[in-house]
Structure formats: C-alpha cells, structure tokens
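J.: let's see this in three dimensions:
(chains A and B)
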Amino acid sequence: MDAYGDDGKILAGGQSLVPLLNMRLARPAQLIDMNMCDELAYARETDGYLAIGAMTRQRDVEISPLVIQSCPVLSEALHRVGYLQTRYRGTIGGSLAHADPSAEIPTALTCLEGTLKVTSARGERLCTAKEFFLSYLTTSLEPDELLVEVLIPKSDMREGWAFLELSRRHSDFAIVGVACTLSLGESDGKIKRARISLGGVGPIPFCPEQAVSCLLGEKPSDLLFREAGRIASEEAEPDSDYHASAEYRREMVGVLVRRGLEKAMMRVKEKLSDGTA
Amino acid sequence: MGQPNSPKKESAQSGKTERQGSRLVRLKVNGRVREGYVEPRKLLVDFIREDLELTGTHIGCEHGSCGACTVFFNGRPLRSCLLLAVQADGAEIVTIEGIAKDGELNPIQAAFSEHHGLQCGFCTPGMIISAMDLLAQNPNPTETEIREAMSGHLCRCTGYEGILRSILAAAGRFGGERESVT
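T.: Residues are numbered from 1 along each chain as shown, chains lettered A, B, ... in the order given. Here you go, the predicted structure:
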C-alpha cells in the first residue's frame, strides 16, 4: 500500500467497489485483494469487547451466536444489509471503509460506540466512529492505511435495543435507519443510559444528542419517546435526494426514533420479566 | 468462522501463471477442472460465459442488483458480476448447468417447471441457485422467509408469485409434507 499510494485500492468483499468499477465510476490503477486474508476473518471476545476482523463476512457476523448475544443491534442491522447473496461476500470492514451514509453497519457501530483499528507501516491507531467517518463515502483512512478490526463494547445485560429502517423493499438502501439502546436504573426504573444513531440523514451517521439528553433520568413512557422523536427530527439535517425529500426524512426520523425506543423498552421489560436481566 | 475466504492456491506452483498480462486461472466448474488465461480485469461472469462457454449464467445489471448471474462459489451463492475471474483461482463453482443430475432435473428445477416459476427465463438461473441455498439452510421456509431470501433477485416479467409457489412446492418435496400451493 505504501508503494501504490493513491493508485492502489483495497478490494474487500467487493460488493460496493466492484459495481463502481463496472460502471467506471472508480478506476484505480491497482487493486489489492484482501480475500486471501483469512487471519482478518473472526469475531471473538476480548475483555469486555467484541472484536471483529475487517474481512469477516457480513453473513457470518449476522448469524454468529457471540454477536447475537453480546451485540444484538449489530446482528439485526446486518440483517438489513444488501441481500443475503451480497452478505455472503461483503465484509464488515469493507462496508465501514466505503462509508455510505445510509449503510447499516456504520449506523450500528456509531450507536454502539465502537472503535476502529487502523494499521499501516507507520504503526497502529484507534479511532472512534466520529473520527473515522468524515463525509459521504469519505473516511480518515490515509492511502497507506488499512482498517483491520472493529472493537465494540459488549452490551449491558439489562439493555434494550432496536434497529429499525425505512426502505422501499427489504434490502434496499435505508431512507432512514435508526439504531438505539436503552437501559434503566435498577432501583428507580428511570432511564440511566440511552444511545441513538441515525443513518441516511446526512453525510455521516448522526447522533441526536438533545433527544438523548431529554430521555436521561426520566421515567420511560410513550409520551417521553414521542417527545424524543420530535426533538431528534428537529436536530437532524437530512438532504433531499432521488429516494425521499428532506421533509419526509425528517418526519420519518421522528417516527422511527419513537418506534425504536418503544421496541427497546419492550425488550427491557421482557428481560426483566424472564429474569435474564 | 464460517467458511475460509479463499481456497488453496493450486496453480501458482505449476508452470507459467502469466501470459501477455493475462493470468492463469484454474478452478473447478461443475465438478470438472477448467483453466484459462484471463486479463486481471475480467469479471468472473464473463469468464464463465465467454471462456468456459457456459452461457446458462446470465448477465443482467452488471452491478449486483438483479441476481441473474448468481452461481455457487465455494458453496455460497454469489453474484459472479461482482467477482473478478482471477479471484476464482482455486475455487469451486457450480453454475446452473451443474444442477441437474444424470439428465434428471433437480427438484427445484422441476418445481419451477411445474408451477410456472419462469416466464422468459432470464432470471431463472440465479433464482434456482439461491432457492437451492435457501432450502439447504432452511428446508421449510415460510412465505416471508422465501420473499426475503429471494429479494436479491429481480424478475422483470414480475412472475414472483409463480416463483414463490415453486419454492414452496420444492420445500414440500424436500421436507416431507408437501404444502398446498393453490
């Protein structure tokens, strides 16, 4: 990668890059194929974190019992990525490095406060989602750098979660996607922690901070979730495109945030009643 | 986890692997070892159709949306328009030509034929490959599961109901009880 610089392009699963090559929208002089790199295909636990190798196939992560147990939002998000046939080949790292703003994996990783491990001949660095995603299809990866792993803090056992998406058909790009988690204080039943991330509403995954702060310390209720949705839709600054207008996206942010929080709350209750929490 | 990303490199050891900028690709297709020199830029689907002369695999959109070019690649149904031929070196591929055994249609092919699972037939090779994968993973899928698994395939004749019925019928043959498809 050092040798090729800007002329070289990493080829992971190729489910986003090869269409660009076929349409001649990308014309890299050299492709560096990572598909022989089995060492980067894994999902394992390392002190409180779930570590996933960049070349792990999306389908393998989606159905991994470890992922389903320790980061269920990610598994659910993956279920909405592309088609089954593209998930068999597409990779976690490839989707993150491609940085499509309506893609599910970046949205889920942002919600889960994941860390991306990047390496080069110069050394290794860790970055947060905020440091990694810069804009539409643009990351902070330098031409000589390679994304090798993502680290996701394991989900709290008492936590509720949801991943919802509005798209025309199952598998289509998200018009709006939302990932959220919710946990309650053990003694008072008030919201102790909430995380929300939105896809498809701007150049990078968007965290509606004011919506999150309106939830903290409050008793969960339908009214509260509706209010959080309203605030999130005011905070979001989506663009209009071919698929949906900015107004429609904004409206849908409100609906999906509310529904996401309701679903997350339902899961908190289920965990409390069946004793898993 | 899962399957290895890539099969063993076999061809690199034996003889010349490059010729005038083309690379030697040796792979197993429908149980037979095949090889050829290809430009690094050539798509797998073009290699299958033009070099191996297996034209049962169709090219539709050429960017991964339509699913017509789906083939089994090391056991998984993948879009052959999103793979380069050189990436198939050492791989095992099954195309629609390799599905029937001894002139006898595979049960899914038979079900498509019986239940009007095809009209013009352009999308059918891909549909059959993905339906085989679906039923191998989940022998008794619900209608919703079938629709979801097949959502990566477009039928421009819009014959989706027939395709759905065909897969349900084939599932009956696979699993025991044959579901009613009326």
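
J.: would you map the strands across chain B?
T.: For chain B, strands defined by DSSP state E occupy the ranges B:18-19, B:22-29, B:32-38, B:70-73, B:76-79, B:92-94.

J.: and what of the stretch 51-200 of chain A?
T.: With DSSP state E, counting those that start in this stretch applied, the stretch 51-200 of chain A shows strands at A:115-120, A:123-128, A:133-135, A:138-139, A:146-153, A:160-166, A:176-184, A:191-199, listed in chain order.

J.: any chance of those in CSV, plus mean pLDDT?
T.: Below are the strands of the stretch 51-200 of chain A laid out as CSV (pLDDT from 0 to 100):
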stretch, mean pLDDT
strand A:115-120, 97
strand A:123-128, 97
strand A:133-135, 97
strand A:138-139, 96
strand A:146-153, 98
strand A:160-166, 97
strand A:176-184, 97
strand A:191-199, 97
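
J.: most tightly surrounded among these?
T.: strand A:176-184 (a mean of 27; mean count of other C-beta atoms under 10 Å in any protein chain shown). All C-beta atoms are positioned from the backbone trio N, CA, C, and that covers glycine.

J.: among the strands of chain B, which comes closest to B:H116?
T.: In this view, those are compared for proximity to B:H116 by C-beta to C-beta, and strand B:70-73 is the closest at 20.8 Å.

J.: can you list the residues that contact the closest one?
T.: Applying C-beta atoms under 8 Å, 6 or more residues apart in numbering or on different chains, the external contacts of strand B:70-73 come out as A:85, A:89, B:44, B:48, B:57, B:77-80, B:83, B:88, B:91-96, B:125-126, B:129-130, B:132-133, B:153.

J.: can you tell me which of the residues you listed are buried?
T.: When neighbours are counted using 16 or more other C-beta atoms under 10 Å in any protein chain shown, the contacts of strand B:70-73 contain these buried positions: A:85, A:89, B:44, B:48, B:57, B:77-80, B:83, B:88, B:91-96, B:125-126, B:129-130, B:132-133, B:153.

J.: so which of these sit within helices?
T.: A:Q85, B:L44, B:P125, B:G126, B:I129, B:S130, B:M132, B:D133 (DSSP state H).

J.: okay, the residue in chain A positioned nearest to chain B: pLDDT?
T.: In chain A, no residue comes nearer to chain B than A:Y83, which is 2.7 Å away by C-beta to the nearest C-beta. At A:Y83, the model reports a pLDDT of 94.

J.: right, and it touches A:D172 too?
T.: No: with contact defined as C-beta atoms under 8 Å, A:Y83 and A:D172 do not form a contacting pair (9.8 Å).

J.: more neighbours, the two?
T.: Per other C-beta atoms under 10 Å in any protein chain shown, whichever of A:Y83 and A:D172 has more neighbours is A:Y83, with 25 against 17.

J.: quick one: contacts for the more buried one?
T.: Shown in contact with A:Y83 (C-beta under 8 Å, 6+ apart): A:S171, B:G67, B:S151, B:G152.

J.: chain B contacts on the stretch 151-277 of chain A?
T.: With C-beta under 8 Å from any C-beta of the partner chain as the criterion, the stretch 151-277 of chain A comes near chain B at residues A:R169, A:H170, A:S171.

J.: each with direction, which strands does the helix or strand of chain B with the lowest mean pLDDT pair with?
T.: Ranking every helix and strand in chain B by mean pLDDT, DSSP states H and E puts strand B:18-19 at the bottom, with a mean of 81. In its sheet, strand B:18-19 lies beside strand B:22-29 (antiparallel), with partners assigned from DSSP bridges.

J.: any idea of the pLDDT on A:S64?
T.: If you check A:S64, the pLDDT there is 98.

J.: grab the nearest non-local neighbour of it.
T.: For A:S64, the nearest residue in space outside its immediate sequence neighbours is A:A43; the separation is 4.9 Å by C-beta to C-beta, 6 or more residues apart in numbering or on different chains.

J.: look up phi and psi at A:A244.
T.: Main-chain dihedrals, A:A244, degrees, to the nearest 10: phi -160, psi 150.

J.: could you count how many residues lie near it?
T.: With neighbours defined by other C-beta under 10 Å, the count for A:A244 comes to 19.

J.: repeat that for A:T110.
T.: The burial count for A:T110: 24, using other C-beta under 10 Å.

J.: A:R44 now?
T.: Residues within reach of A:R44, counting by other C-beta under 10 Å, total 12.

J.: is it in contact with A:S64, as I believe?
T.: No: A:R44 is beyond contact range of A:S64, at 9.7 Å (criterion: C-beta under 8 Å).

J.: sorry, back to before: mind putting the strands of chain B in CSV, distance to A:A51 included?
T.: As requested, these are arranged in CSV below (distance: least, C-beta to C-beta, whole Å):
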stretch, distance to A:A51
strand B:18-19, 38
strand B:22-29, 33
strand B:32-38, 37
strand B:70-73, 27
strand B:76-79, 24
strand B:92-94, 30
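
J.: lowest average pLDDT across those strands?
T.: Note on the strands of chain B: strand B:18-19 shows the lowest mean pLDDT, a mean of 81.

J.: for the nearest residue to A:A162 once chain neighbours are set aside, grab phi and psi.
T.: With C-beta to C-beta, 6+ apart as the measure, A:K263 is the residue that lies nearest to A:A162, at 3.9 Å, once sequence neighbours are left out. Phi and psi for A:K263, reported as degrees, to the nearest 10, are phi -70, psi -40.

J.: how does chain A divide into domains?
T.: By the record's domain assignment, chain A is partitioned as A:37-153, A:160-274 (automatic domain parsing).

J.: tabulate these (TSV), appending distance to A:G5.
T.: As requested, the domains of chain A are arranged in TSV below (distance: least, C-beta to C-beta, whole Å):
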stretch	distance to A:G5
domain A:37-153	5
domain A:160-274	25
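
J.: among those domains, which comes closest to B:T17?
T.: Checked against C-beta to C-beta, the stretch from the domains of chain A lying closest is domain A:37-153, at 20.1 Å.
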